[in-house]
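Chemist: Test case, fold it:
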Amino acid sequence: MEKYIAFLRGINISGKNKISMPLLKKAFEDMGFLDVSTYINSGNVIFSGVDCDKAAIGGRCKAMIKEKFMLDVPVAVISLKDITEALHNAPEWWDASSDKEVIHQIIFLISPITVEEVYNAVGEAKPDYEQVDYYKNIIFWSAPRVTLSRTRWYKIASSCVNNKVTIRNAGTVKKLVSLSQK
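Modeler: Modelled structure (predicted):
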């Protein structure tokens, strides 16, 4: 049995795409997943299952959300093993400081988009304002709050790949990994 984390994109933001976390947990259990839990209200689901095809799991989750919640929500699924490996291979600068004025985020790709497609759509990072790197299919991004509006990658939300990625901050991802290991 493998542990996974599903990242739902764009739910419970400013009163839009509302999904109750207890109902979402129950829906995952009804799909046959085990050890299901959610973390915060932004669509993070930890679960166990035997299917190792993450894209297929994501597709099943997306279909379930459309059926049960009447929402067309993209879903990225990653195994605990893969996310732990990515965090161990994160760039040294990512989440390295306790400076609250620096934002550290992870960009998860929603299959079938590739890192290369995201880089091509968003463009090269502006080294004076941000740092971007990736490990396999996870993109690490950091930038000081004070110059956030000058970064290129902050504007990913207005790019053509916006609906093909979902973003979480470092604290959320690390907490999810910790909860997954219990």
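Chemist: in stretch 36-53, what counts as buried?
Modeler: 36, 38, 39, 42, 43, 44, 45, 46, 47, 49 (16 or more other Cβ atoms under 10 Å). Yep, even glycine has a C-beta here, placed from its N, CA and C like the rest.
Chemist: Looking at these, which gets the smallest pLDDT?
Modeler: Least confident of the buried residues of stretch 36-53 in the model: residue 42, at 87.
Chemist: if I've got this straight, that one is in a strand?
Modeler: No - counting by DSSP: H, G, I helix; E, B strand; the rest coil, residue 42 is not found in a strand; it is coil.
Chemist: so what are the domain limits for the chain?
Modeler: 2-82, 83-180 (automatic domain parsing).
Chemist: Now do the SS call for residue 107.
Modeler: strand.
Chemist: right, and it touches residue 167 too?
Modeler: Yes - between residue 107 and residue 167 a contact is recorded at 5.2 Å, counting by Cβ atoms under 8 Å.
Chemist: out of the two, which sits in the busier spot?
Modeler: Set residue 107 next to residue 167 and count neighbours by other Cβ atoms under 10 Å: residue 107 wins out with 22 against 17.
Chemist: Now do the contacts for residue 181.
Modeler: residue 80 (Cβ atoms under 8 Å, 6 or more residues apart in numbering).
Chemist: could you check the distance from it over to residue 43?
Modeler: Remark: distance between residue 181 and residue 43 (Cβ to Cβ, to the nearest Å) = 20 Å.
Chemist: did I read that right, residue 166 in a strand?
Modeler: Yes - membership of residue 166 in a strand is supported by three-state DSSP.
Chemist: Give me the number of neighbouring residues for it.
Modeler: 24.
Chemist: Packing partners of the helix or strand that residue 178 is a member of?
Modeler: Residue 178 is part of helix 170-180 when elements are defined by DSSP states H and E. The helices and strands touching helix 170-180, judged by 3 or more Cβ pairs under 8 Å, 6 or more residues apart in numbering; DSSP states H and E, are strand 2-8, strand 34-39, strand 44-49, helix 80-88, strand 102-109.
Chemist: Just list the residues touching the residue of the chain most remote from its centre, thanks.
Modeler: Most distant residue from the mean C-alpha position of the chain: residue 128, 25.6 Å away (Cα atoms, centre = their mean). Contact partners of residue 128, counting by Cβ under 8 Å, 6+ apart, are 147, 150.
Chemist: Good, we can wrap up now.
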